[in-house]
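> Sequence and predicted model, in that order:
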Amino acid sequence: MRVYCGKDYEEASRIAANLIAAQVIMKPDCVLGLATGSTPIGTYQVLVEKYKSGELDFSKVHSINLDEYRGLSPENDQSYRYFMNDNLFNHVNIKPENTNVPDGLEKDAEAACKKYDAVIEQSGGIDLQLLGLGHNGHIGFNEPADAFAKSTNCVKLTQSTIDANARFFANADEVPKEAYTMGIGTIMQAKTVLVLVTGSGKRDIVKKCFLGDVTPQVPASILQFHPNFILVGDADALGDNFNAFL
Ligand code: GLP
């Protein structure tokens with residue numbers, strides 16, 4: 001595990017964006033695994049700045065997003081497809097046809113998951129996977145479970161995740177109860193995994209995930225076994241817990 005600590009949200013976002021930018025510069029036709037949630041918004045803003053200043057070219061980049069709410073259309077402003085278009089894709093020169101998000105409107109869960117696994121396979125594999133962290137240690141929408149999910153799966157969201165994400169909806173009842181998510185096996189196959197955590201609210205769970213026991217009850221904990229795992233956080237999220245790695 002490599003750890004980088006920014007003094008605040010802006011600095012942590014810039015560190016994460018620099019790592020992603022380095023990946024795109026080193027391999028212009030790379031496959032980026034992308035995440036939603038409030039944490040990576042600042043990172044996407046820096047990537048857009050870098051594109052606008054001519055530093056970055058996304059014309060050959062492919063992207064594969066982690067997850068999507070089951071039942072939400074791309075036009076729904078709470079869908080993760082909408083989020084990605086709004087925060088990144090519409091502002092850089094990535095080709096829309098090279099961007100992938102699970103199909104929230106596919107009613108047949110098995111078909112939706114198979115289709116997404118085929119997309120991942122055809123991409124040749126993810127070079128760099130960006131991840132946020134849920135308050136219960138979930139990555140993508142892989143909730144605490146008895147086993148680590150290998151491939152794309154349809155999950156029932158836990159009440160804590162529904163409550164955490166309710167802030168984006170009119171009320172908790174409107175939060176979809178299910179989602180399609182890339183599996184943890186697929187995340188582990190990415191060549192590089194970059195977890196971004198910010199804010200004091202994440203301090204306990206980051207410690208539990210990366211300094212605690214590896215268990216499917218804390219899904220992100222398996223990243224301790226990833227050979228190229230980078231943790232980027234701000235001082236509020238990392239505290240003094242990761243000083244030995246800095
Ligand atoms: C959602 C997403 C995750 C994200 C998590 C944390 O559940 N599916 O990919 O990491 O929220 O979100 P935030 O960054 O807003 O704390």
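Sure, I can see it. Residues are numbered from 1 along each chain as shown.
> Would you map the strands across this structure?
In the chain, the strands defined using DSSP state E lie at 2-6, 31-34, 62-65, 67-69, 99-100, 128-131, 153-156, 178-181, 192-197, 229-234.
> so of those strands, which one's packed in deepest?
The highest average neighbour count among those, using mean count of other CB atoms under 10 Å, belongs to strand 128-131 at a mean of 27. Yep, even glycine has a C-beta here, placed from its N, CA and C like the rest.
> To the ligand, which of the strands of the chain lies closest?
The ligand lies closest, by CB to the nearest ligand atom, to one member of these: strand 67-69, at 5.0 Å.
> these two touch, right, L131 and F141?
No: L131 sits out of contact with F141 when judged by CB atoms under 8 Å, with a separation of 11.5 Å.
> what is in contact with those two at once?
Between them, L131 and F141 share these contacting residues under CB atoms under 8 Å, 6 or more residues apart in numbering: L66.
> where in this structure is pLDDT low?
Applying pLDDT under 70 to the predicted model, the chain contains no residue that meets it.
> Sketch out the helices for it, chain order is fine.
Ranges of helices within the chain are 9-26, 41-52, 80-87, 109-123, 159-165, 184-189, 203-211, 235-238, based on DSSP state H.
> to the chain's geometric centre, what's the distance from the second one?
Averaging C-alpha coordinates over helix 41-52 and over its chain gives two centres that are 16 Å apart (CA atoms, centre = their mean, to the nearest Å).
> How about that helix and the ligand, touching?
No: remark: helix 41-52 sits outside contact range of the ligand, by CB under 6 Å from any ligand atom, the gap being at least 8.4 Å.
> Remind me what that helix packs against, helices and strands.
Helix 41-52 is packed against helix 9-26, helix 80-87, with contacts defined by 3 or more CB pairs under 8 Å, 6 or more residues apart in numbering; DSSP states H and E.
> contacting residues around the longest one?
Just to be clear, that refers to helix 9-26. Counting by CB under 8 Å, 6+ apart, helix 9-26 makes contact with 4-6, 30, 32, 40, 42-47, 50, 55-58, 61, 127-128, 130, 192, 194, 196, 198-199, 230, 232-234, 237, all of which sit outside it.
> Could you rerun that using 6 Å?
Contacting residues not belonging to helix 9-26 are listed as 4, 6, 30, 42-43, 46-47, 50, 56, 128, 194, 196, 198, 232-234 [CB atoms under 6 Å, 6 or more residues apart in numbering].
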